[in-house]
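# Here you go, sequence then predicted model.
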Amino acid sequence: MIFYSHLIEIESVIEELDKMDLSKEEKMHLSQLLDSSLHHTILDAIFSQLSEADKKVFASHLQEGHHEKIWKFLNEKIDHVEDKIRAVAKDLKEKLHKDLKEAKKIK
Amino acid sequence: MNKFTSKKPHFEYLRNKWGSRAKAAQENFWDKHSNALKHLALGSIGGLILLSPPGGQLPNTHLLASSETALKGFDKNVLLAQVLSAKVPSEVRSLDVSEEKDIADILSSQFGFEVKAEIDNIRLNRSYGLIGGEQHLYRYPGDNLYAHVDTSSDWAKYGDAGIAPGLGAWGYFALSKDQFSEKDKQREKYYIAVPTFLSPGFAENFGKYRDFFKYRKMLVVNPKTGQSVVTVIGDAGPAEFTGKHLGGSPEVMDGLGLATGPRKGAVLYFFIDDPNDNIPLGPIKVRSELS
């Protein structure tokens, strides 16, 4: 489980992908790209709000994978951190939906 | 990234577009924050794992982490497979009480918690059998397949299994989406179906047995590889005519290394004595001091 999964709704993107004619391998490939974009975008949003010292502490918490610790730290260091994560994810999702729309037009 | 060819223009479009997007997001992140992360990257391979996209992999900085992730839950349990090979019969048959005890003792010692074929004089019809892949289960009214995944990689891996038209033996995992908890989520994710109705004494003690089996924790072990998953009983089945002795959710089958090909294989399955609910569900490794 990823520490931010409860904040991110990707059902709508997956639903659109699922409607496309894709092999298992193609699904895996696109999914990895999607997850990677989302992951790095969210990490960037968080890291950009932290001092250099706090980045190191946060990275250590991530390494341990202790979600309670991660969220305690983030809530102490960043105001409205959940809203910020939701906002960047929403922004990315909108771009992905546009891409999907374009892809569907291609014959 | 995987190299394969596709002649589908819509796929190629998305591959290019999302490939560039993923690469840009990754490069942007490392350009801005690599200074603060140097100590992790230099200090340990494990340090890079946290920066790997969940369930996937990208080149360069992620290669080492991906290799380690791919071996997780497998390499450390190989020793368990070696120990079990001397005890588990080559033929998939019911174990006798003495074999069950030997194997339960090995598993208890390797995992560090009590594993038993029988608790409170209740046992299943067998503890070694063929497991087959099951579908996802509806977790609450209005649930759908897309809502089951945390990442799109989960969907690509487990989505094909589909969702069973009927409910599991215990009904919904939660009465509504609002009441649906992380615990419920984990239970559906790591559920097994066992023929509770074939356990000795079931008909005479229906209520007692039903309560006993409901979400009862079980350790499922692939004796060939040592891959092991802590699961709960989430459904009753399969029927005897299927030739299978139990079923596993898509995630359980994946954790056992049985998600591809025929999606079935021989496994050991024993109750976990965990009255305080301390042992988390999901793939599990043998205790590190033993590996």
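On my side now, so go ahead. Residues are numbered from 1 along each chain as shown, chains lettered A, B, ... in the order given.
# Would you state the predicted confidence (pLDDT) at the residue in chain A that chain B sits nearest to?
Closest approach between chain A and chain B, counting by C-beta to the nearest C-beta: A:Q32, at 3.1 Å. C-betas here are computed from N, CA, C, even on glycine. A:Q32 is assigned a predicted lDDT (pLDDT) of 92.
# Where does it fall, secondary structure wise?
Here A:Q32 sits within helix A:24-47, counting by DSSP states H and E.
# How about exporting that helix as PDB, limited to the C-alpha atoms?
Extracted in PDB, the C-alpha atoms of helix A:24-47 (Å, rounded to 0.1, in the frame of the first residue of the first chain):
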ATOM      1  CA  LYS A  24      -2.100  -7.400 -20.800                       C
ATOM      2  CA  GLU A  25       1.400  -6.300 -21.700                       C
ATOM      3  CA  GLU A  26       0.200  -3.000 -23.100                       C
ATOM      4  CA  LYS A  27      -1.900  -2.400 -19.900                       C
ATOM      5  CA  MET A  28       1.100  -3.200 -17.700                       C
ATOM      6  CA  HIS A  29       3.300  -0.800 -19.700                       C
ATOM      7  CA  LEU A  30       0.900   2.100 -19.600                       C
ATOM      8  CA  SER A  31       0.100   1.500 -15.900                       C
ATOM      9  CA  GLN A  32       3.700   1.700 -15.000                       C
ATOM     10  CA  LEU A  33       4.100   5.000 -16.800                       C
ATOM     11  CA  LEU A  34       0.900   6.300 -15.200                       C
ATOM     12  CA  ASP A  35       2.000   5.200 -11.700                       C
ATOM     13  CA  SER A  36       5.500   6.600 -12.200                       C
ATOM     14  CA  SER A  37       4.200  10.000 -13.200                       C
ATOM     15  CA  LEU A  38       1.800  10.100 -10.300                       C
ATOM     16  CA  HIS A  39       4.400   9.000  -7.800                       C
ATOM     17  CA  HIS A  40       7.100  11.400  -8.800                       C
ATOM     18  CA  THR A  41       4.600  14.300  -9.100                       C
ATOM     19  CA  ILE A  42       3.300  13.700  -5.600                       C
ATOM     20  CA  LEU A  43       6.800  13.200  -4.200                       C
ATOM     21  CA  ASP A  44       7.900  16.400  -5.800                       C
ATOM     22  CA  ALA A  45       4.900  18.300  -4.400                       C
ATOM     23  CA  ILE A  46       5.800  17.100  -0.900                       C
ATOM     24  CA  PHE A  47       9.600  17.500  -1.200                       C
END
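# That one: which residues count as buried?
The neighbour-count check on helix A:24-47 (16 or more other C-beta atoms under 10 Å in any protein chain shown) flags A:26-47 as buried.
# continuing past it, what's the next helix or strand?
Trace forward from helix A:24-47 with DSSP H and E and the next one is helix A:52-64.
# Against which helices or strands is that next one packed?
In terms of contacts (3 or more C-beta pairs under 8 Å, 6 or more residues apart in numbering or on different chains; DSSP states H and E), helix A:52-64 is packed against helix A:24-47, helix A:67-77, helix B:9-43, helix B:46-49.
# Out of the helices and strands in chain B, which is least certain?
Comparing helices and strands within chain B by mean pLDDT, DSSP states H and E singles out helix B:63-71 as the least confident, with a mean of 39.
# ok, the closest residue to B:Q135 other than its chain neighbours to B:Y172 distance?
In this structure, B:Q135 finds its nearest non-sequential neighbour in B:A164, 4.3 Å apart by C-beta to C-beta, 6 or more residues apart in numbering or on different chains. If you measure B:A164 against B:Y172 using C-beta to C-beta, to the nearest Å, the figure is 12 Å.
# Overlap in contacts, the two.
Common neighbours of B:A164 and B:Y172, counting by C-beta atoms under 8 Å, 6 or more residues apart in numbering or on different chains, are B:Y138.
# And those two? Which one has more around it.
Neighbours were counted for B:A164 and for B:Y172 using other C-beta atoms under 10 Å in any protein chain shown; B:Y172 has more, 19 against 14.
# what about the nearest residue to the more buried one once chain neighbours are set aside, distance to B:A147?
Excluding the flanking residues, the one nearest B:Y172 by C-beta to C-beta, 6+ apart is B:Y140, at 5.2 Å. B:Y140 sits 9 Å away from B:A147, going by C-beta to C-beta.
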